[in-house]
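Visitor: no sequence on this one, just coordinates:
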Ligand code: TA6
């Protein structure tokens with residue numbers, strides 16, 4: 001049987017890795033935070049990336065898919081959302097197989113991380129692009145210490161949309177959520193399709209394995225699937241907060257929604273030598 005290997009090329013620029021399936025399907029990952037900064041699918045950019053993002057000075061990239069570890073949200077021991085998204089990761093390997101391109105990144109404890117969070121760990125982050133399964137991001141956390149540790153983690157996905165006034169998210173109805181715009185109080189979602197008009201910052205608890213985001217680029221839908229990530233954060237800063245963030249385009253809020261699979265309500269407890277994986281998959285449908 002003739003196996004036709006779809007073309008898939010890898011190109012590295014300074015601190016960036018590009019996985020090319022073909023002219024219309026590729027992903028670019030920045031070594032700073034192992035942040036996916038671009039996902040071209042069907043010839044169109046599917047992720048939001050602020051044009052004023054800094055890419056420096058310990059400030060996370062504003063857009064794409066930042067990796068949040070070991071802390072989602074404010075952190076007494078270090079910067080908000082932890083150190084993983086502001087660390088330089090190493091490219092461990094690249095693979096072409098069965099019409100898929102993937103790259104593996106690795107981050108292990110170092111002086112900087114130990115100064116904040118004194119545990120030995122290994123993070124392996126696999127980014128895979130394929131025509132049939134879209135974009136997969138899988139984070140594996142291994143406790144390489146002699147003592148137990150706990151953490152929260154999340155993939156802070158910025159999806160590009162046509163108009164934030166009309167974008168909607170499914171599969172959240174009847175779920176409990178923490179509303180960070182209402183003093184962190186808990187509510188129950190009543191809408192079958194969530195809107196983000198005027199801004200939103202909610203942590204939905206124990207959400208279904210998939211959410212559909214309607215109103216993405218050119219009227220497309222992005223299906224966000226997750227495994228090992230029980231919760232979903234939905235965020236759009238809206239006009240005033242976007243204006244007050246130097247790395248967020250003033251009008252950028254109109255063209256984005258963050259739908260962020262995470263393990264953030266409870267904490268992950270990892271025993272010495274234990275490993276846990278956390279995966280997000282994005283597929284574009286018409
Ligand atoms: O994921 C939502 C959120 O926690 C918001 O509260 C907002 O702070 C957002 O993350 C962005 O945080 P950052 O530290 O990247 O500015």
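Guide: Perfect, thanks for sending it. These numbers come from a predicted model, not from an experiment.

Visitor: ok, which stretches of this protein are helices?
Guide: Ranges of helices in the chain, per DSSP state H, are 111-116, 238-243.

Visitor: and residue 188, how many neighbours?
Guide: The number of residues packed around residue 188, counting by other C-beta atoms under 10 Å, is 9. Quick note: C-beta positions are derived from backbone N, CA and C, even for glycine.

Visitor: and what of residue 24?
Guide: In terms of burial, residue 24 registers 12 neighbours under the definition other C-beta under 10 Å.

Visitor: Likewise for residue 89?
Guide: The number of residues near residue 89, taken as other C-beta under 10 Å, comes to 24.

Visitor: how far away is it from residue 105?
Guide: Spatial separation of residue 89 from residue 105 under the definition C-beta to C-beta, to the nearest Å is 4 Å.

Visitor: which bits of the chain sit near the ligand?
Guide: The interface of the chain toward the ligand, taken as C-beta under 6 Å from any ligand atom, is made up of 60, 73, 80-81, 156, 180, 201, 233, 235, 258, 260.

Visitor: hey, what's whatever residue of the stretch 151-286 of the chain ends up closest to the ligand bridged with?
Guide: Sorted by distance to the ligand under C-beta to the nearest ligand atom, the residues of the stretch 151-286 of the chain start with residue 235, at 3.8 Å. Beta-bridge pairing of residue 235, defined through DSSP bridges, involves residue 201, residue 258.

Visitor: circling back to that earlier point, could you identify which of the helices of the chain is most buried?
Guide: Greatest average neighbour count among the helices of the chain goes to helix 238-243 (a mean of 15), per mean count of other C-beta atoms under 10 Å.

Visitor: any idea of the mean pLDDT for that one?
Guide: Along helix 238-243, the predicted local confidence has a mean pLDDT of 98.

Visitor: Kindly report the same for stretch 204-212.
Guide: Stretch 204-212 comes out at a mean pLDDT of 98.

Visitor: what do you get for stretch 61-68?
Guide: The pLDDT scores in stretch 61-68 average 98.

Visitor: And stretch 225-233, by the same measure?
Guide: On average, the pLDDT along stretch 225-233 is 98.

Visitor: Give the buried residues for that stretch.
Guide: Residues of stretch 225-233 classed as buried: 225-226, 228-233 (neighbour count, 16 or more other C-beta atoms under 10 Å).

Visitor: Need the residue closest to the centroid of this protein.
Guide: In the chain, the C-alpha closest to the average C-alpha coordinate belongs to residue 155, at a distance of 2.9 Å (C-alpha atoms, centre = their mean).

Visitor: Hmm, that one is touching residue 67, no?
Guide: Yes - using C-beta atoms under 8 Å, residue 155 is in contact with residue 67, at 6.6 Å.

Visitor: Can you say which of the residues of the chain next to the ligand are buried?
Guide: Once neighbours are counted (16+ other C-beta under 10 Å), the buried part of the residues of the chain next to the ligand comes down to 60, 81, 156, 201, 233, 235, 258, 260.

Visitor: got those as JSON lines, with distance to residue 286 columns?
Guide: As requested, these are arranged in JSON lines below (distance: C-beta to C-beta, whole Å):
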{"residue": "60", "distance to residue 286": "32"}
{"residue": "81", "distance to residue 286": "33"}
{"residue": "156", "distance to residue 286": "26"}
{"residue": "201", "distance to residue 286": "30"}
{"residue": "233", "distance to residue 286": "26"}
{"residue": "235", "distance to residue 286": "26"}
{"residue": "258", "distance to residue 286": "23"}
{"residue": "260", "distance to residue 286": "24"}
